[in-house]
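Student: Predicted model and sequence below, questions to follow.
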Amino acid sequence: MNLEQLGNIIRERRNELSLSQENLSNKSDVAIKTIHSVELGKANPSVKTLEKILDNLNLQIIVVNK
């Protein structure tokens with residue numbers, strides 16, 4: 001998965017939950033600028049930041065070793 005695909009998943013889920021970027025920013029304690037950049041696939045968030053965002057969207061990343 002690349003950053004653009006991740007951003008699309010996050011944006012789609014946020015919209016499904018009827019959350020604005022500002023709402024998600026406040027709930028996750030992540031700057032709105034970061035949320036915006038992640039959704040556009042222009043940011044490479046830290047694991048901690050990604051965890052905060054995903055937790056508030058009820059999403060998980062599953063890592064599979066090949």
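Tutor: That came in fine, so what should we check first?
Student: alpha carbons only for contacts and neighbour counts from here, please
Tutor: Noted.
Student: So what's the residue count around residue 66?
Tutor: Residue 66: 3 surrounding residues under other CA atoms under 10 Å.
Student: pLDDT value on it, please?
Tutor: pLDDT, residue 66: 72.
Student: Same question for residue 10.
Tutor: On the pLDDT scale, residue 10 gets 97.
Student: OK, contacts around it?
Tutor: With contact set as CA atoms under 8 Å, 6 or more residues apart in numbering, residue 10 has these partners: 39, 54, 57.
Student: Backbone dihedrals for the first one, please?
Tutor: As for residue 39, its main-chain torsions (degrees, to the nearest 10) stand at phi -60, psi -30.
Student: and if you look at the second one?
Tutor: Residue 54 adopts backbone torsions of phi -60, psi -40, taken as degrees, to the nearest 10.
Student: before we move on, which element is the closest residue to it other than its chain neighbours in?
Tutor: Nearest residue to residue 54, sequence neighbours excluded (CA to CA, 6 or more residues apart in numbering): residue 60, at 6.3 Å. Of the helices and strands defined by DSSP states H and E, none includes residue 60.
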